[in-house]
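Engineer: Have a look at this fold, sequence not included:
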């Protein structure tokens, strides 16, 4: 068995970091990475949060078609949802969610919210 994975060629991939271990609100964009712009009212408005783990929104573009999936949901039940709101991301186009570790209570509740995100009808207080 070859250690290499044969991947199909695509036109592009967009990766939006929703949650990461750290963040720098003052870091400038580069030609490769577009950073969330610092707003004039950044001291009085909601800001992005960092927490242990990661959550990525990945969109593959090929021949004009876009396929989007959510890679993980972070650790806390509201961290990724908070950052989604701050970033103004519309998650109604997600076609799949991939959780890379056994579901914790937090990620199960977050996944429930992803499933209801188009309606924004999730409650972090609901129990399973």
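Structural biologist: Nice, thanks for sending it over. On a predicted model such as this, the values are computed, not experimentally measured, just so you know.

Engineer: Direction included, what does whatever helix or strand residue 95 lives in pair against?
Structural biologist: Under DSSP states H and E, the secondary-structure element containing residue 95 is strand 94-98. Paired with strand 94-98 in the same sheet, following DSSP bridges, are strand 65-71 (parallel).

Engineer: Enumerate the positions of the strand it pairs with that are buried.
Structural biologist: Buried residues in strand 65-71, counted by 16 or more other C-beta atoms under 10 Å: 68, 70-71. All C-beta spots, glycine's among them, are computed from the backbone N, C-alpha and C.

Engineer: And stretch 51-70, by the same measure?
Structural biologist: Buried positions in stretch 51-70, judged by neighbour count with 16+ other C-beta under 10 Å: 51, 53-60, 68, 70.

Engineer: ditto for stretch 36-54
Structural biologist: Going by 16+ other C-beta under 10 Å, stretch 36-54 has these buried residues: 36, 48-49, 51, 53-54.

Engineer: what's near enough to touch the residue nearest to residue 46 when sequence neighbours are not counted?
Structural biologist: Taking C-beta to C-beta, 6 or more residues apart in numbering as the measure, residue 46 lies nearest to residue 86, with 5.3 Å between them; neighbours along the chain are not counted. Under the criterion of C-beta atoms under 8 Å, 6 or more residues apart in numbering, the neighbours of residue 86 are 36, 46-48.

Engineer: Same list (the residues you listed) but as TSV, adding secondary structure, distance to residue 19 and pLDDT.
Structural biologist: Putting the contacts of residue 86 into TSV (DSSP: H, G, I helix; E, B strand; the rest coil; distance: C-beta to C-beta, whole Å; pLDDT from 0 to 100) gives the following:
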residue	secondary structure	distance to residue 19	pLDDT
36	coil	13	81
46	coil	15	83
47	coil	13	85
48	coil	9	88
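
Engineer: Just flag the most distant two among those residues.
Structural biologist: 36 and 46 (11.8 Å; C-beta to C-beta).
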